[in-house]
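# requesting a structural model of the entry that follows:
(one chain, ligands or ions: 1)
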Amino acid sequence: MEIKKVGVLGAGIMGAGIAQVSVQAGYSVVLIDVVPEIANKARKTLNKAWAKALEKGKVSAENVADYNARLICGTDINEFRDVDIVIEAIVENIDFKKKVHKQLGELCKAETILATNTSALSITEIAAATNRSDKVLGMHFFNPVPVMKLVEVIPGVVTTDDTAQTVIQLAEKMGKEPVLAKESPGFIVNRILVPYMNEAANVFYEGIASAEEIDKAMKLGAGMPMGPLALADMVGIDIVLAVCEFFYKEFADSKYRPSLAFRQKVRAGHLGKKTGKGFYNYM
Ligand SMILES: NC(=O)c1ccc[n+]([C@@H]2O[C@H](COP(=O)([O-])OP(=O)(O)OC[C@H]3O[C@@H](n4cnc5c(N)ncnc54)[C@H](O)[C@@H]3O)[C@@H](O)[C@H]2O)c1
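Down below sits the predicted model:
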């Protein structure tokens with residue numbers, strides 16, 4: 001199937017970025033959020049990015065006018081009636097995701113693909129809540145979406161190859177590098193990255209080294225662009241802890257046991273950059 005019109009549900013950090021790369025790739029885009037202010041803010045955020053690109057001579061004023069003409073931002077989910085794919089980027093909660101995908105299945109065309117940007121949840125469980133589980137899959141972008149090249153494409157147990165291939169081509173047209181991963185908690189990147197941050201937090205908790213020393217060691221000794229504890233602060237320690245807890249439960253394996261350092265930080269409200277304090281002080 002050829003994708004011409006893209007729907008994005010949830011206009012937060014990820015949804016706005018996905019809408020941006022979709023518009024820039026030449027698609028007509030409908031971006032919907034339940035909160036009107038968030039939908040309006042997304043258009044402003046995108047226009048700020050395009051104004052910068054215009055200043056740098058990367059796009060023309062005509063390009064920006066064309067992007068805006070192909071972008072609808074609003075709150076009415078019925079706008080998705082004629083889209084070819086919906087990329088869902090609402091909160092990471094399985095019950096909310098199942099509910100909206102069921103609703104999307106009922107209102108979209110029979111051919112419409114339903115993709116979820118979930119970071120770790122079961123694609124098959126979300127798909128089973130819809131009337132089209134063969135056309136549901138994971139399309140996992142990375143933050144910030146306009147910058148990060150990777151998209152993980154995750155078919156569920158009954159997703160057809162045709163659906164996966166259509167989404168791989170879509171990701172390529174957006175200028176991304178897709179990788180195919182089988183359904184499993186955390187897929188590829190988070191499955192490896194989250195336990196890595198967790199082990200760094202254990203090293204910190206055991207008093208083996210300070211946060212600065214741990215991050216310096218991993219940057220200079222392992223060639224990491226950013227240290228694991230600075231990364232946990234950037235992602236949000238509450239989010240990292242939630243993913244650790246999910247892995248621990250799903251795999252029932254002690255190697256995923258969340259670090260006590262994460263628990264202490266979360267209990268203290270030190271969630272990282274967003275609260276001004278985490279492993280580092282940002283205030
Ligand atoms: N932030 C990241 O670094 C990152 C990276 C990869 C994947 N993800 C995943 O992307 C998804 C979104 O994350 P985010 O960081 O953009 O969250 P966010 O909180 O910034 O945005 C979520 C948006 O969804 C909206 N929303 C909630 N329920 C809705 C509904 N029923 N209909 C329409 N809109 C609704 C909220 O109003 C909010 O604006 C999550 O599944 C998350 O796990 C996040």
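
# from here on, contacts and neighbour counts on C-alpha atoms
OK.

# so which helix or strand takes in the residue lying closest to V64 once chain neighbours are set aside?
Distances taken as C-alpha to C-alpha, 6 or more residues apart in numbering place W50 nearest to V64, at 6.5 Å, with adjacent residues excluded. Using DSSP states H and E, W50 sits within helix 36-55.

# now the angle between helix 36-55 and the helix or strand following that helix, please.
Beyond helix 36-55 on the C-terminal side, the first helix or strand identified by DSSP H and E is helix 61-69. Using axes from the mean of the first three to the mean of the last three C-alpha atoms, to 10 degrees, the inter-axis angle of helix 61-69 relative to helix 36-55 is 160 degrees.

# now do the helix or strand following helix 61-69: distance to the chain's middle.
Next in sequence after helix 61-69, counting helices and strands by DSSP H and E, comes strand 71-74. Put simply, strand 71-74 sits 20 Å off its chain's centre (C-alpha atoms, centre = their mean, to the nearest Å).

# likewise stretch 145-158?
Centroid separation for stretch 145-158 versus its chain: 9 Å, with C-alpha atoms, centre = their mean.

# all strands of the chain, in order?
Under the criterion DSSP state E, strands of the chain are mapped to 5-9, 28-32, 71-74, 85-88, 113-116, 136-141, 150-155, 177-180.

# could I get those strands as JSON lines with mean neighbour count and mean pLDDT?
JSON lines is the format used below for those (neighbours: other C-alpha atoms under 10 Å; pLDDT from 0 to 100):
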{"stretch": "strand 5-9", "mean neighbour count": "26", "mean pLDDT": "98"}
{"stretch": "strand 28-32", "mean neighbour count": "27", "mean pLDDT": "98"}
{"stretch": "strand 71-74", "mean neighbour count": "20", "mean pLDDT": "98"}
{"stretch": "strand 85-88", "mean neighbour count": "25", "mean pLDDT": "98"}
{"stretch": "strand 113-116", "mean neighbour count": "27", "mean pLDDT": "98"}
{"stretch": "strand 136-141", "mean neighbour count": "29", "mean pLDDT": "98"}
{"stretch": "strand 150-155", "mean neighbour count": "24", "mean pLDDT": "98"}
{"stretch": "strand 177-180", "mean neighbour count": "17", "mean pLDDT": "98"}
